[in-house]
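Novice: Got a predicted model here, sequence first, then my questions.
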Amino acid sequence: MNDFRLFAHGKSFDVDAYLSSCTLRPDGVWRRGEKRDSPADRIFPETSGVEYRLSDGVAVPFLEQRGIAIAYLKAHREELRALAQTPGVDTFILGFQYDIDFDDNIAGFCLGPSPRLMWHCLDVGCVPTYYVNIVREGDPALDD
């Protein structure tokens, strides 16, 4: 899974109108009710949306993702602010990928954005979200 991306969507988001006027080209687009192509997405989404892949969240260490995200938010500030204000956009997320190995005795943990990252997210109108994959040594699911 690679969730190091910025995406926006909504039920009434007219993605084609957005694409006709945006200057920042998305890496992915989906339309409400239109079957998605990848095997993992054999669904008919309830929203239309766009996504911007920031990098490979599996390969890029978690702490480096923050720097990449801040640079991206700064470089594309106006375009992203316009996206956040586009009619029909209900959800606008900056997703981070975090794969972590835990011993069996660890029960949980907490994540939050740095003040600098939070400022940039608030400035453009997106919400930082952390997608965490917990890997436990000796997990039978990993033996497949």
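Specialist: Thanks, I have the structure now.

Novice: Confirm Phe111 sits in a helix?
Specialist: No, residue 111 isn't Phe; it's Leu. No. Counting by DSSP: H, G, I helix; E, B strand; the rest coil, Leu111 falls outside a helix, being coil.

Novice: excluding its backbone neighbours, what's nearest it?
Specialist: Using CB to CB, 6 or more residues apart in numbering and skipping residues adjacent in sequence, the residue nearest Leu111 is Tyr130, 4.6 Å away. Where C-beta positions appear, they are placed from N, C-alpha and C, glycine not excepted.

Novice: Check whether that neighbour sits in a helix, strand or coil.
Specialist: On the basis of three-state DSSP, Tyr130 is classed as strand.

Novice: list the helices and strands the lengthiest helix in the chain packs on?
Specialist: Secondary structure of the chain read by DSSP state H shows that its longest helix is helix 62-75. Helix 62-75 makes packing contacts with strand 91-102, helix 115-124 when contacts are defined by 3 or more CB pairs under 8 Å, 6 or more residues apart in numbering; DSSP states H and E.

Novice: Need the winner for burial among those.
Specialist: Across these, the average number of neighbours (mean count of other CB atoms under 10 Å) peaks for strand 91-102, which reaches a mean of 18.

Novice: Would you mind writing the CA trace of that strand as CSV?
Specialist: Provided in CSV are the C-alpha atoms of strand 91-102 (Å, rounded to 0.1, in the frame of the first residue of the first chain):
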residue,chain,number,x,y,z
THR,A,91,-12.6,15.8,1.7
PHE,A,92,-9.0,17.0,1.2
ILE,A,93,-6.4,14.7,2.8
LEU,A,94,-2.6,14.7,2.9
GLY,A,95,-1.9,11.0,3.6
PHE,A,96,1.3,9.7,5.0
GLN,A,97,2.5,6.1,4.8
TYR,A,98,4.0,4.7,8.0
ASP,A,99,5.2,1.1,8.2
ILE,A,100,6.6,0.2,11.6
ASP,A,101,7.8,-3.0,13.3
PHE,A,102,6.6,-3.5,16.8
